[in-house]
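Student: Build me a model:
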Amino acid sequence: MIILYSDTSQRKRKRAEEGCSQCFKGTSNVSNTDAPAGKKRKGAVKRPRKTTPGQKKATESETFDSRYDVGDKLGEGCFGSVYEGRRISDGLQVAIKFVLKWETDRYVYSPVESKAVPVEVALLQITSQPPVCQNIVQLIEWFDEPEEYILILERPHPCVDLERFMLNLGNRLDEETARAIMVQAVEAASQCSTRGVLHRDMKGENFLINTDTSEVKLIDFGCGDLIKTTEYDRYAGTLLYCPPEFFVSRKYHADPATVWSLGVLLFRMVCGYLPFADRAKTKLGIFNIKDGLSKECCNLISWCLEWYPSQRPSLQQITEHEWFQCTNQA
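Tutor: The predicted structure follows:
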C-alpha cells in the first residue's frame with residue numbers, strides 16, 4: 001500500500017513488514033480481463049520522464065505532460081509513488097500517483113468508460129460519482145501510459161495523514177477528537193459499501209486530515225476490490241488490521257472485515273497502540289483497552305472487535321451507537 005501526501009517525503013514500508021499484497025481473485029460479478037502482458041512492476045515508480053507520451057482518458061487529444069507539472073515527491077510504497085502536481089490550465093494543486101503495471105494486474109469494466117480499466121481506477125471512478133462523498137478523495141482524471149497509469153487526485157491542503165496527526169499530539173487522541181474523526185471514517189466506509197467498493201486497508205496512514213478544518217478523507221484504493229456477496233479467500237492490506245477469520249479459515253466477508261479494521265483504528269486512536277501485535281494475537285482476539293476511557297467507547301471498540309464476524313455491528317449500527325451521542329463533559 002502507499003502512504004499518500006505524507007509530510008515526510010521518504011516514508012517507506014516493505015511488503016513483508018506490512019503484509020501488503022496484490023492478491024485479487026476473479027470472483028466478482030463484474031467482468032474482468034488480464035492486464036497487458038509483459039509489464040511487470042519492480043519497486044516504487046520513479047519520477048516520470050517529461051518525454052513520455054501520455055493518453056488521457058477524459059480527453060484523448062491531450063497528454064499528461066501537456067496538462068500537468070510535477071513537483072516534489074510526497075510518498076511512495078509498493079503500489080506506486082505520489083507527487084505534488086499543478087494543473088497547467090488553471091493552477092489547481094493536485095496529487096499525482098504513478099503506478100507501474102504488472103502482468104498480473106486485474107482489470108474490471110469501468111462504470112464510467114464502459115471498458116476494462118485497472119481495479120484501483122475503477123474503484124476511484126465509482127466513489128467519485130455524484131453525490132460526492134466529502135470523506136473520500138476524489139479522482140479528477142487518469143492517464144493510461146504503456147507501462148504505467150497515472151491518477152490525478154484532489155489534494156487537500158494543509159493536511160497530514162492520521163497516523164502523523166496522532167504522533168504530533170502525543171501518539172493518542174482524546175475521545176472528543178477521536179469521535180469527530182471516527183464519524184467521518186465510518187461515513188467513508190459506509191459510502192464505499194453502498195457503492196459496492198471494498199477498500200480493504202482502512203488505517204491511520206490511509207486517512208488524511210485537514211489541519212485547518214479537521215475534515216477527514218479516505219485515500220489509497222490500491223488494495224481494494226469490488227464487493228461481492230460470497231467470501232474472499234485472498235487478503236490485500238495491512239495484516240495488523242486483518243480480521244481473525246482470515247487467519248483461521250482463510251475466508252472473510254467484506255463488511256465484517258471493514259468493521260473490524262474500523263475497530264482497530266478506533267482502538268489505535270484512543271489507546272495510542274494497536275490492539276494486536278501479530279497474527280497470533282489477532283487469532284486469539286484478546287486485547288486490553290487503556291484505562292480511563294468511557295464505558296461507551298470501550299463498548300463500541302469491543303463490539304467492532306468481536307471475534308465472530310456475525311456478532312459485529314453493521315456500519316449503520318456503528319453510526320447509531322451511543323458513543324456518538326456523547327458530549328464533552330468539561
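
Student: Check the burial of H199 by counting its neighbours.
Tutor: Neighbours of H199 under the rule other CB atoms under 10 Å: 26. C-beta coordinates here come from the backbone N, C-alpha and C atoms, glycine included.

Student: if I look at it, how far off is H157?
Tutor: 23 Å (CB to CB, to the nearest Å).

Student: if I pick the residue nearest to L173 when sequence neighbours are not counted, what's in contact with it?
Tutor: The shortest distance from L173 to any non-neighbouring residue, by CB to CB, 6 or more residues apart in numbering, is to M269 (4.8 Å). Residues near M269 by CB atoms under 8 Å, 6 or more residues apart in numbering: 162, 166, 172-173, 178, 181-182, 204.

Student: Doesn't M269 belong to a strand?
Tutor: No. With DSSP: H, G, I helix; E, B strand; the rest coil as the criterion, M269 is located in helix rather than a strand.

Student: So it versus G263, what's the distance?
Tutor: Taking CB to CB, one finds M269 at 11 Å from G263.

Student: try F247
Tutor: 16 Å.

Student: Please parse the chain into its domains.
Tutor: Partitioning the chain according to automatic domain parsing yields domains covering residues 15-154, 159-325.

Student: Name the SS class of the closest residue to L74 other than its chain neighbours, please.
Tutor: With CB to CB, 6+ apart as the criterion, L74 has its nearest non-adjacent residue at 4.7 Å, and that residue is V82. Judged by three-state DSSP, the three-state class of V82 is strand.

Student: can I assume V82 is in contact with V70?
Tutor: No. V82 is not in contact with V70 according to CB atoms under 8 Å; the separation is 10.6 Å.

Student: The two: which is more packed in?
Tutor: Using other CB under 10 Å, the more surrounded residue of V82 and V70 is V82, with 27 against 17.

Student: now this structure, which segments are flagged as low pLDDT?
Tutor: Applying pLDDT under 70 to the chain picks out residues 1-61, 77-78, 327-330.

Student: That one: helices as residue ranges?
Tutor: Using DSSP state H, the helices of the chain run over 15-18, 64-67, 119-127, 162-168, 175-194, 244-249, 254-271, 279-284, 295-304, 315-319.

Student: what comes up buried for the second one?
Tutor: Yep, that's helix 64-67 we're talking about. 64-65, 67 (16 or more other CB atoms under 10 Å).

Student: Give me the spatial nearest neighbour of V264, chain neighbours excluded.
Tutor: Residue nearest to V264 in three dimensions, not counting chain neighbours: Y241, with 4.9 Å by CB to CB, 6+ apart.

Student: Contacts only, for that neighbour.
Tutor: Counted by CB under 8 Å, 6+ apart, Y241 has contacts 201-203, 260-261, 264-265.

Student: one more time with 10 Å
Tutor: Contacts for Y241 (CB atoms under 10 Å, 6 or more residues apart in numbering) come out as 18-19, 200-204, 206, 257-258, 260-265, 268, 274-276, 282.
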